[in-house]
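# sequence first, predicted model second:
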Amino acid sequence: MGVDLESLSEAASGALGSLLSTTILYPLDTCKTKYQAEVQAHGQQKYRNLSDVLWEAISTGKFLSLYQGLGTKNLQSFIAQFVYFYGYSYFKRLYLEKSGSKSIGTKANLILAAAAGACTAIVTQPLDTASSRMQTSAFGKSKGLWKTLTEGTLSDAFDGLGISLLLTSNPAIQYTVFDQLKQRLLKQKLKEAGKGSSPVFLSAFTAFLLGAASKSVATFLTYPAIRCKVMIQAADPDDDDRTKKAQPRSRKTVSGVIYAIWRREGILGFFKGLQAQITKTVLSSALLLMIKEKITATTWVLILVIRRYLLLTRGKLKNA
């Protein structure tokens, strides 16, 4: 079976869009993650709101520490989006070919998106865990990727995988909502343009709005699981080399994290940081989808040019 060029184009444009959006919003992501990872203890908490994390970095002269783990996050984000968009696009095309249908229903779309998300979670989980630990480490004390990954066992690198698989429902909901809204808008544009017109694309502003709306719905529905995952993957507080040698890293479980939140913060604790999560993820997803929509056509042209060049080169070698 040859390479699916359309799926490859979708994957490449999605991965590039993710890389740009992740870099632009990374300081906000670090503040959000550190805020989510904290559990109130003895009626007190270090961060009362998201701005407290930012102020700590500024007041201690460690603003650049808001970028700790950026390389790992970008690597994880790039691979994750490439795998997801390739899998999602490929599964859709395969479904249409096998079923003989002309369109994909909502239920089938959710299943295909969840399958692509599950593949993505398994492939990128170690990088996701390492990134969370880097972000939640004390400012200026973040370790490198290799040291972060190798300081525990192999199973430690996959902390939170169960919740990550559960959270495949998040992008599944998001991209299904986005894709359905996008198709309706494009159909309307095609009707207005008439037959024989050139292909139509979403405007940057429209893609931004659709991305924001779809991600808001997905984030609200899955947020309790998102916070539990962050807490499981977070670095231990006041973790340094001395405490590391004296006491191994305590393994966090889903049940333990749920109990800690319930006992110390109550039911509202499961939604602590929801506003910050929505702000960050909506902006990130909206930027990602907006950038992806604008570079998809260019990416497709580049892939066709490269393919043609390779075919010509192969033909010359055969004739030589």
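Here it is on my side, so go on. Numbers count the residues shown, from 1 in each chain.
# could you list the low-pLDDT ranges of the stretch 51-200 of the chain?
194-199 (pLDDT under 70).
# centroid residue for this structure?
residue 77 (5.9 Å; C-alpha atoms, centre = their mean).
# does residue 86 touch residue 11 like I think?
Yes. Under the criterion of C-beta atoms under 8 Å, residue 86 makes contact with residue 11 at 3.5 Å. No exception for glycine: its C-beta is placed from N, CA and C like everyone else's.
# quick one, phi/psi of residue 212?
Backbone torsions of residue 212, given as degrees, to the nearest 10, read phi -60, psi -40.
# quick one: residue 269 from residue 162, how far?
When distance is defined by C-beta to C-beta, to the nearest Å, residue 269 is 20 Å away from residue 162.
# now swap in residue 283 and tell me
Taking C-beta to C-beta, one finds residue 283 at 28 Å from residue 162.
# who has more neighbours out of these two?
When residue 283 and residue 162 are compared for neighbours, residue 283 comes out ahead with 19 against 15, by other C-beta atoms under 10 Å.
# tell me who's in contact with the more buried one.
21, 25, 28, 212 (C-beta atoms under 8 Å, 6 or more residues apart in numbering).
# could you measure it against residue 210, distance?
14 Å.
# same thing with residue 158?
For residue 158, the distance to residue 210 - C-beta to C-beta - is 33 Å.
# these two - which one has more neighbours?
For residue 158 versus residue 210, the count of surrounding residues by other C-beta under 10 Å is larger for residue 210: 23 against 16.
# which residues of the stretch 1-150 of the chain fall in strands?
Read by DSSP state E, counting those that start in this stretch, the stretch 1-150 of the chain holds no strands at all.
# any idea how far the residue nearest to residue 31 when sequence neighbours are not counted is from residue 275?
Counting by C-beta to C-beta, 6 or more residues apart in numbering, residue 31 lies nearest to residue 53, which is 4.1 Å off, once chain neighbours are set aside. Going from residue 53 to residue 275 by C-beta to C-beta gives 14 Å.
# and the two? which has more neighbours close in?
residue 53 (23 against 12).
# list the contacts for that one?
30, 31, 34, 35, 47.
# cool, residue 130 as well?
Counting by C-beta under 8 Å, 6+ apart, residue 130 has contacts 69, 72, 76, 145, 148, 149, 157.
# of the residues you listed, closest to residue 206?
Using C-beta to C-beta, residue 76 comes nearest to residue 206 of the contacts of residue 130, at 28.6 Å.
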